Structures are given as structure tokens and as C-alpha cells.
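In: what shape does this take:
(chains A and B)
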Amino acid sequence: MSALTLNPSDISPARRILGGALRSREIAVAAVLVLVIAATTVKNSHFMFGANGWRDLLLTPSILLILAVGQTAVVITRNVDLSVGSVVGLTAYLTGRIFIAHPGMPVFLVFLIGLAFGGVLGLINGTLVAWGKVPALVITLGTMYIYRGVFLSWAGSNRVNASDMPDSFLNLGTKQILSVPLLTIVAIIVLAVVGYYLYTARGGRELYAIGSDPEAAQLYGLKVTRRILAAFILSGALAGLAGVATAARYGTVSSNAGLNLELQAVGAAVIGGVAIFGGSGTVWGAAIGAFLLVTINRALPVLGVQDFWQQFVVGVLIIGSIVLDRVLSVRRDRKIIEARDNA
Amino acid sequence: MVGQRTVSAVLELEDVAKAFGSVVALRRSSLTVTRGSIHALVGENGAGKSTLIKIVAGVHPRDAGTFRFLGEDVDFGSTAASKAAGIAVIYQEPTLFPDLSVTENIFMGRQPLGRGRRIDRAAMYAEAGALFERLGVRIDPRRPARGLSIADQQIIEIAKAISLDASLLIMDEPTAALSGVEVERLFAVARSLRDEGRALVFISHRFDEVFDLCDTVTVMRDGEYISTDPISSTSVEEIVARMVGREVAELFPKTPAPIGDPVLEVEGLTSAGLFHDVSLTVRAGEIVGLAGLVGAGRSEIARAVFGVDGYDAGSVRMLGRPVPRRSVRAAIGAGMAFVPEDRRSQGLVVDASVARNIAAVVRGGLSRAGVLTAAAENRASGPWAGRLEVKTSALDMAAATMSGGNQQKVVIAKWLASEPKLLIIDEPTRGIDVGTKSEVHKLLSDLAGQGVGILMISSELPEVLGMADRVLVVCEGQITADLDRAEATPEKVMHAATRAARPNDITPTTVEVPA
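Out: Sure, this is the predicted structure:
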């Protein structure tokens, strides 16, 4: 073990990659996910092999997955975006209103508008956080209520119904390509692009650096403000995308659209191994976390678990992940110190 | 000197001034560093060295004065700008990203890019490996920066500076936390950089290092330029006299004190991977020096005794009564006080006022009906700060704005307010100027005279030999020697501290020349 912490380069690349994979959080969460799906399918084969089972299995997590990806980009910088649920609701309603006003609007353009609108809301968050020097937790808690308030006063007692939106749009919500739902494909593309950027681009690595030690990032001469702003814009834009997707998927948009999604997004990231104090974690992990969170919620009723215990399990999952992180990091620090001592 | 500007001057600062609010950090400060030279910048703590460096680094803008770099007038608005121009600064406390690999730490913000602007990791690791090889260190390029010793963290910073191809490298007290071997390694690197034609600025309080490494020395005092001389034509006495501008009291004035009953008794203390079977006794009125190399486990022992960290086996007794493990409250209750090594992160609430910091330990006894007023804190802390001659315009000032020496005084004052029976002090004078140093030593000596037992961890041999009644040497987590004041010699201590190393490897470079 000490050889691993001190001189991992000495061992062969294949073994290093294998060792890294075995210890990686992503694999562990994915294993739990597979287990849950397997157990539920054994109990009721419709869960996976039913008429809509396969489709729902992939489709239901896709919206939370998009949000978890955006949330991860923010959390990595030692911030948090609690406004995404409200952004989803507001954008979903905006989508409906656009179709009511311009029924012939190209679907593609609506998605772009949703992205841009969410991006602007994210820009507001980022601006307040970056220049207000107030913790993101407080700022986005505030904007969460403000965006929700705007939504409620705009919508009033109205709601957008499926009949208000064109079929070509609604079909996207359930459309499948080679038996994979379109929204899932969109979510996976988003995941891949952001994941690739965070791992291989300078800007992505700087997000990690900023979250790891904001003061050091300043001394390094990194563009801290700009990067944080970008992370919030990304989170907002993806929430906007998720809002349009929500409208397409569910057809109706009522005032509670997107409610509590922000907490699920944070939960997904935490379960997936994204450190809440920034600096480490991947969008892959967050995505698998989102998948697990949604799937568990759907699986537990099938398994005959009562309502209360469903919430309980999710809570245990989140606390368990954090405790696991803590235990592992204490163990790792100790190992490193021991290795240094014996070096 | 003035007007004799040649192209070989890399950095020229003239009459630079800087004030933070009402506190004037720099009045008229000048510094000229030439290519292929290692330039020492010395001065007491609070003389303005760090502020000057931060102006060069682009952290603070200057209020007035000329700033030329490579012959051109410059004005850095950010650290990025100074970096891009070719200035690398290694700060006293290394600034690394613990979650990222050491390689990413070196190249952050300017990683080598391959096709499609994606980071070329293979090239990056290879380059980091080459840098480490050139520096003669064995650090895995893929390991995270978390858990690196301070010496290795500094190597990472230097690797960063080299990869930047900086024409000016500024090192702010780089040797403060290094052992002899590590200092030699650092100096070899510094000399090779000088021979490549780079300019280096070296800030240190260790005069033997300054005289060993540097070719020119500039002295600062109270934010003003005092003098610049070639090293060969000056002496330690001259420089010290200019630095303090007054007579320096004797450096290690330990006065004999009657030694009483044991205050602290530690037996068989063990913590896996950190220290093993440590037994020691500190008596009333006795100063016990804990010597050894950095990383030998001395601080870890102190932290375990004080209850900050746990331990696997052994016992700690204060005045004959056992002290429960892992309880700082119990340790303070039993009469222990602890002045940690890293005063910024462990000893001070840097954002709080001086008064609040000093009153922090005795706060319980100060409140009236559960309400603690600033006035009560000021009343309680006034005498202590006064006794330690803490230089701050008011007790309300934030501790963060003070110099290192004054911060250390506040930390000591904080614990003295609780009237301890045992004071554990880790590197009492690290990074502290000569004048303040002797004040700290006098204070420790006085405390011992009043019957306080003192356990002093120090990497500076003269300090240990001058102050301690008994010297315990720690090597690799074990006590390897227990020497009386009379029998403790530098050779014996160094031998015990480097049990594993061959005697030839030991160079007495960390020894500070007493003024």
C-alpha cells in the first residue's frame, strides 16, 4: 500500500488503472445500482423487461442526470447551486408559454431558448456569488425563492397542458432511438461533453484547483471569478435544458414543476463521490449517483418498501457516502503520513 | 549605486511605498537585483520584506515609487501578470492544491496541450519527472499534493518556478522548515539557477545561510531601505546592527531556576506510523528541549500529549494525575498550554482582533451573566499584550494584519493568560527576527523561573543548547538521546537526530549564528 501512495508510477500502467478502478467511487456506486436493478427485476421482471420498463429505467433519471452534471461543475469549485429546481420550473413554464404564443416555433429553437434563459439565470447567481463575496449557499437559496416566486406570480392559477404544445415536441419526451430514449441520449451527450472538458481542458482543471484551495488559486493567477461565473452559467443553462426536457417529458407544467430537484441534484453528486467542499469528484460519479437515486425511488415500491422507508433509504445513502468519504480520507492521510515516516 | 543602471538589472525598485489603511508597511523601499545573482533581503519581522515581495508578485499594488523589471517600467495588476512577465515567488507557506496531483500543481493554468487543446497528460508527467530528476528528488509525479512534507512542497514550488522559466525567483524564508540535508539540496538548486543567469531573491533570518548562499545583501528596517552591500565586504555583526538599529540583547538568556517536582510525565506513548515508545518528564522550572529534524515526529508527540490527536498506547500524567487522551479541554484543565508550530492556522483566529485572540482561552471566566463584552476582553488581554510588547496600534486590530513575530507574541500571550503549569511550545522563534527572538527567549526563561515547566520543540540548535536544561533528541519517532545541559553539544545532538544518516551527510547549515 505504501508503494502505491508513494510511487504509483513504479507499477505498470495496467495495474495502476485496474487498482484505480477498484478503488474508484464510480465503480462502487455503479455496482450498487446494478444490484438494485437486479434485485428489483428478480422480484418483478417488468421493472426491466416490461413494455415500458426498459424505457422508463433509462428515461426517468435523465433529467436529474443533466442537473447533477451542472451541479457537479459548481460543487467542484466549493460552491453550490440551490436554484436549479426553480430554474427547471420556470423554464418549463416558459416553454409552454412559447408554444401557446407561437405554436409553430421550431422545437430546436425552443431548446436553445431554454438553454439561454437558464444560462442567464445562472449568470445572475454567478455574478452575485463572484462579486457579492457571499457564500453561494445563501445566494442561491435566495434566488431559489425568487425564481420560484417569479414562476408562481407569472403562472398564477394557469398551468400548461399537453394540448398547448405541439405533438412533435411532446414526442421527443418519449421518443427512442435504437430502443434508447432520446432524452437519455441528450443527457449522456451532456455528461460526456462536460466530463471530457473537466478532465482534459485547462478550464476544467482550474475548476478543481479553485475548489481545492481558493486562496492558492488566486496566488497562481488563475481567473477565479471568471471560472466560477462559467460554472454557474453552465449549471443554469443545463437546468434550462432540463426545464424544456421536463415540459416535453410530462406534457403538463404545474406550479410545483422542478420542486426539490436541487436537493436531489446535490444528493446525486454527493452519492457519486463529489466532495461537498470542492476539489474532487467527477461528473461520471454524479451521473451514476443520479441514476441510483432515481432508480432506488422507483425500485423500493416494487420491492414493497413503505413510503417512509423510501425516504429513509435515500437519507442513509447520502449520509453513508459522506461518512465513507470521511473514513477513507482519514485512512489515506494516515497512510501517507506513515509512508513519509518510513521513507 | 543610484543612476548606475545597467541592462543586467533584472529587478529595480525605487522608493516604493505602501500603506494598508493607517498602517504604513513600506515608506521608501528600494531593491536592485542583477542577473546571475542571489540577493539576500534581510530585516526584522515587520520591516516590510513580505509586503515588498507581494508588490513585486502583483498581489498588492504599490502606492508610490518606481518598479522596473528587465529594464522596463511595469505595473502588475495581478499575480498572473507578474508570472507571465517571468517572476516566480515561493511564499513562506507553500500554496498548493491538495486534491490535485503534484504535476497538475506545477502546470496549473499552463498545462502542455496536445491535439484539440486537450491537456497532454503523458507529456506533463514526463516533464514533471524530468524536473524532479533535475532537482534530485524522488517524488512521484502522479501523487496528490496532500500529505507532502513542507520541504517537498517547496520543491514543488521550485519546480513550478523552473518550468515557468522565470528570470526572477523570489524565495520568502524557504529554509524555515527544512532540515540540513534539505537546505543543502535547495541551495544546490538555487546556485544552478543563478549560474543559468537568473536572478534570485532570498529572504532568511539565518545569517549563516545568507553568507553561504548569497552574493549581495540588502537590509530593510521599518519599511525603509537601509543598505546594499556585497556579502564579501560585510559581516554578520554589521548586518544585525543595521537590521535592529539598536543593541541586541543576548540571544539565549536562560537563567538558572530551581528545578522542582515533575509536572509532566509521559510514558510509552505510541502512535502507529508517527512515534513509538516515547517517555519523557518535564519538571517545574525546567526547560526541556525537544530537538531533531523536521518531520522526526516532535510536533506529533506534542499534539498527542496536549490531546489534539489520539495515541495507541502509553500514558500522560500532569502533576501525578492521569490526563485522558484526546481531550484538549482536559489538558488545559490539568494546566497545559500549547503554542503550535503553524501559528496562522492553529494558534490564531487570524480574522479576529488581538484582544479576542488573547482572551479566547480564559473567555469562560470573563463573561458577566453569560455576556462577553469587547471591553472585558480588552481588560483581560491588555496586561498580557503589554508584557509581551506586542506592537499593534490597538488591541482591536485583526491578528491577520500583524507581522509573524507579533502574531507569535499574541499566541504566547493567549496561553499565558490561562496561567499554565506546563507550556508546550513548538518552534517558538521560527521566522522571527533577532530582536523579538531574544524577547521570546527571555519570556520563556522568566516563566521557568516562576516554576512553569516548559517543553520546547526547536529545530535551531543554538536555541535548544542555549535555552534547555535538558535536551531530548527525537529521530524517526523515537527518543534517541537524553542529554543534560552540560553534556549537550551540537555534535551529539546532530548525531542522535540523524541516527540513520552517515555523519558525513550532516552539514551544520541550519545552525543560526548568534548575534
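In: of all of the stretch 401-515 of chain B, which residue lies closest to chain A?
Out: With C-beta to the nearest C-beta as the measure, the residue in the stretch 401-515 of chain B that lies nearest chain A is B:G477; the distance is 6.3 Å. Bear in mind the C-beta positions are built from the backbone N, C-alpha and C, glycine included.
In: mind checking the SS state of A:R227?
Out: Reducing the assignment at A:R227 to three states with DSSP: H, G, I helix; E, B strand; the rest coil gives helix.
In: in terms of contact, does it touch A:E206 like I think?
Out: Yes - using C-beta atoms under 8 Å, A:R227 is in contact with A:E206, at 5.3 Å.
In: show me where pLDDT drops low in chain A?
Out: Across chain A, the stretches falling below the confidence threshold (pLDDT under 70) are A:1-13, A:16, A:18-22, A:337, A:339-343.
In: what ranges does it have for its strands?
Out: A:176-177, A:180-181 (DSSP state E).
In: most tightly packed of these?
Out: strand A:180-181 (a mean of 19; mean count of other C-beta atoms under 10 Å in any protein chain shown).
In: sheet partners, orientation included, of that strand?
Out: In the sheet containing strand A:180-181, its partner strands are strand A:176-177 (antiparallel), by DSSP bridges.
In: what residues does the partner strand touch?
Out: Residues lying outside strand A:176-177 but in contact with it, judged by C-beta atoms under 8 Å, 6 or more residues apart in numbering or on different chains, are A:R55, A:L182, A:I185.
In: same question, stretch A:56-69
Out: The set of residues that contact stretch A:56-69 without belonging to it, under C-beta under 8 Å, 6+ apart, is A:37, A:47-48, A:84, A:88, A:174, A:180-181, A:183-184, A:186-187, A:190-191, A:194-195, A:238-239, A:241-242, A:245-246, A:249, A:261-262, A:264-265, A:268-269, A:272, A:283, A:286-287, A:289-291, A:293-295, A:298.
In: among those residues, the buried ones, what's the PyMOL command?
Out: The following PyMOL selection, which keeps only the buried ones among those, applies the criterion 16 or more other C-beta atoms under 10 Å in any protein chain shown:
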select buried, chain A and resi 37+47+84+88+174+181+183+184+186+187+190+191+194+195+238+239+241+242+245+246+249+261+262+264+265+268+269+272+283+286+287+289+290+291+293+294+295+298
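In: looking at the contacts of stretch A:56-69, which are in helices?
Out: Secondary structure from DSSP state H places A:37, A:47-48, A:84, A:88, A:174, A:183-184, A:186-187, A:190-191, A:194-195, A:238-239, A:241-242, A:245-246, A:249, A:261-262, A:264-265, A:268-269, A:283, A:286-287, A:289-291, A:293-295, A:298 of these in helices.
In: hang on, the earlier thing: for the contacts of strand A:176-177, pick the one with the most neighbours.
Out: Of the contacts of strand A:176-177, A:L182 is surrounded by the most neighbours, 18 neighbours in total, counting by other C-beta atoms under 10 Å in any protein chain shown.
In: need phi/psi at the closest residue to it other than its chain neighbours.
Out: Distances taken as C-beta to C-beta, 6 or more residues apart in numbering or on different chains place A:K175 nearest to A:L182, at 4.4 Å, with adjacent residues excluded. Recorded main-chain torsions at A:K175 are phi -60, psi 140, according to degrees, to the nearest 10.
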